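Asker: Based on what follows, work out the 3D shape:
(one chain, ligands or ions: 2)
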Amino acid sequence: MFSKVPQYALRAIEILQGHGFQAHLVGGCVRDILMGREPQDYDINTNAMPQQMQRAFEGYRQVETGIKHGTLSVWIENHQIEITTYRRDGKYSDGRHPDSVELGAELRDDLARRDFTINAMCWTPQGGLVDMFGGQEDLINKTIRCVGDPEERFREDALRILRALRFASVLDAQIEPHTDAAVRSMAELLNRVSAERCAVELTKLLCGSAAGRVVQAYPAVLDTILPGLGQMRGYNQDNPHHCYTLLEHTARVVDAVPPQPVERLAALLHDMGKPACRTMDQAGIAHYRGHVDVSAEMARQILEGLRFDGATVEAVVQLVKHHDVNVDDISEAGIRRMMGRLGVETFDMLLSLKKADNLAQNRALSDRIPNLERICSIEQQILEKQSPYKLSQLEINGDDLIDIGYKPGPAVGNVLRELLDMVVEDRISNSREALLAAAKELMKDN
Ligand code: ATP
Ligand code: MG
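Answerer: Ligands and ions are numbered 1, 2, ... in the order given. Here you go, the predicted structure:
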């Protein structure tokens, strides 16, 4: 398994050892290699102190990423490697950061400060695997277990609560009972953790292979960073179109969209506003009019609160807002208009979300999948034939309109949009002559 460790990582170990230091691959990369997965990056731990590391890597590009905490980034053969001095973390009084870190500790201390047994193993070419806390066995059994006492570890750094859920999802693992009890009883401490750190873990959790199961198993824990999720648990939708509780429906939609951040976030948040919009008709059937806009607003607040980047927030909000649009009888022109309005990327994500949403409903009553597949294939034809659906595909632009006498300003954009509409509806062809003729007609009308 470790035969695939790349040369540059072995080289980094060799350099440190050549200077008389210990050095191992450690943490996530060891876990991933043992699982037969490709590590995202390679981390090394060493008993060299920061200045000694800097000297050992003289001549290599290096950046002091967190030198106070003993971390140096070096580039070997154009690959970045993080090297960290063995350390022991001091007291944590804020539930987020150690008050101090003590460098120059023993290897055992450095492994003991790590969050879970599966992340607390290291490896060298000469000595093989070092596994002081039973990480390999937990990995084989797919078990997430804190190194040491779970409550203490979560009090030190509450982000570990969310990381436990993240690894349960990504590795399709179970959280060991003591760790699980602490995850549940201490979830509120997550409020103290920075939004950015939570967002990173939430994103990884949602893109994991068991995301739906974890969402369904830990709604109250996740409610601390996703207010509104907790009340979905056991929420009966009281509507024949829905055969699952709101939480189970949501979890199923999460699993059914592709494992990409925007799609998974949209799936998670698409029905958040339902409880606030519930009305009951005389037949005892519940309706949720307006839930789309309420959910979109909740999604915006949650994602902005978690400091997601603007592009992610906008894309998720768009998807939530459009997830319930009726496209049963949409024409080719309608599809082209939606492609233009949303952009092809978001439009494709919307189709995935709508498919997933329908799969997680009572399909005996409404099977919308064939229609959504029809829309997909029409979209493919539109793209292949390069049928215009956006302004930049028109054979004329704003300058052409100004040349024939339009005043520069917003009117130019409006006329272009009107021309695009005519092309999309096949009322005129997308040729310069036809477009300019139509533009001149429009000038007369105005
Ligand atoms: P990924 O594949 O997402 O990079 P990873 O396990 O490498 O997963 P990182 O966040 O990169 O996770 O952290 C690297 C290592 O540092 C972990 O494997 C773990 O040993 C340790 N670690 C990270 N965060 C914490 C934490 N909050 N508390 C304790 N140890 C941590
Ligand atoms: Mg990592």
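Asker: contacting residues for Leu34?
Answerer: 1, 121, 129, 136, 139 (CB atoms under 8 Å, 6 or more residues apart in numbering). No exception for glycine: its C-beta is placed from N, CA and C like everyone else's.
Asker: May I see the domains of this protein written out as residue ranges?
Answerer: 1-134, 142-225, 243-389, 393-445 (automatic domain parsing).
Asker: Select from the contacts of Leu34 every entry located in helices.
Answerer: Among the contacts of Leu34, the subset assigned to helices under DSSP state H consists of 136, 139.
Asker: ranking the contacts of Leu34 by neighbours, who comes first?
Answerer: Met121 (27 neighbours; other CB atoms under 10 Å).
Asker: Closest residue of this protein to ligand 1?
Answerer: Gly28 (2.2 Å; CB to the nearest ligand atom).
Asker: Am I right that that residue is in contact with Glu38?
Answerer: No - using CB atoms under 8 Å, Gly28 is not in contact with Glu38, being 11.4 Å away.
Asker: Out of these two, name the residue with the larger neighbour count.
Answerer: Taking neighbours as other CB under 10 Å, Gly28 and Glu38 compare with Gly28 leading, 18 against 9.
Asker: Report how many residues lie close to Pro259.
Answerer: Neighbour tally, Pro259, other CB under 10 Å: 14.
Asker: per-residue pLDDT, the closest residue to it other than its chain neighbours?
Answerer: Distances taken as CB to CB, 6 or more residues apart in numbering place Cys207 nearest to Pro259, at 4.4 Å, with adjacent residues excluded. For Cys207, the pLDDT comes out at 98.
Asker: Equivalent analysis for Asp172, please.
Answerer: 97.
Asker: Surely it forms part of a strand?
Answerer: No - assigned with DSSP: H, G, I helix; E, B strand; the rest coil, Asp172 falls outside any strand and is coil.
Asker: The residue lying closest to it once chain neighbours are set aside: neighbouring residues, count only.
Answerer: Spatial nearest neighbour of Asp172, chain neighbours left out: Ala210 (4.1 Å); criterion: CB to CB, 6+ apart. Look at Ala210: counted by other CB under 10 Å, it has 19 neighbours.
Asker: Ala210 contacts Ile175, correct?
Answerer: No - with contact defined as CB under 8 Å, Ala210 does not reach Ile175; the gap is 11.4 Å.
Asker: Mutual contacts of the two, please.
Answerer: Joint contacts of Ala210 and Ile175 (CB under 8 Å, 6+ apart) are Ala168.
Asker: Return the set of buried residues in stretch 416-426.
Answerer: By 16 or more other CB atoms under 10 Å, the buried positions in stretch 416-426 come out as 416, 419-420, 422-424.
Asker: Kindly export that stretch (C-alpha atoms) in PDB.
Answerer: Below are the C-alpha coordinates for stretch 416-426, written out as PDB (Å, rounded to 0.1, in the frame of the first residue of the first chain):
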ATOM      1  CA  LEU A 416     -31.300  43.000 -27.300                       C
ATOM      2  CA  ARG A 417     -33.300  40.900 -24.800                       C
ATOM      3  CA  GLU A 418     -36.400  41.400 -26.800                       C
ATOM      4  CA  LEU A 419     -34.600  40.300 -30.000                       C
ATOM      5  CA  LEU A 420     -33.300  37.200 -28.200                       C
ATOM      6  CA  ASP A 421     -36.800  36.400 -27.200                       C
ATOM      7  CA  MET A 422     -37.900  36.600 -30.800                       C
ATOM      8  CA  VAL A 423     -35.100  34.300 -31.900                       C
ATOM      9  CA  VAL A 424     -35.800  31.900 -29.100                       C
ATOM     10  CA  GLU A 425     -39.400  31.700 -30.100                       C
ATOM     11  CA  ASP A 426     -38.500  31.300 -33.800                       C
END
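Asker: what's the burial count for Val294?
Answerer: 20.
Asker: Skipping its backbone neighbours, what lies nearest it in space?
Answerer: Excluding its sequence neighbours, the residue lying closest to Val294 (CB to CB, 6+ apart) is Gly273, at 2.9 Å.
Asker: Alpha carbons of stretch 265-279, as CSV, please.
Answerer: Extracted C-alpha coordinates of stretch 265-279, given in CSV (Å, rounded to 0.1, in the frame of the first residue of the first chain):
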residue,chain,number,x,y,z
LEU,A,265,-26.1,22.4,0.1
ALA,A,266,-29.1,23.2,-2.1
ALA,A,267,-30.5,19.7,-1.4
LEU,A,268,-30.0,20.1,2.3
LEU,A,269,-31.7,23.5,2.5
HIS,A,270,-34.4,23.3,-0.3
ASP,A,271,-37.3,22.6,2.0
MET,A,272,-36.1,24.3,5.2
GLY,A,273,-39.0,26.8,5.1
LYS,A,274,-41.8,24.3,5.0
PRO,A,275,-42.7,24.2,8.7
ALA,A,276,-43.1,28.0,8.7
CYS,A,277,-45.4,27.9,5.7
ARG,A,278,-47.8,25.0,6.6
THR,A,279,-51.5,25.4,6.2
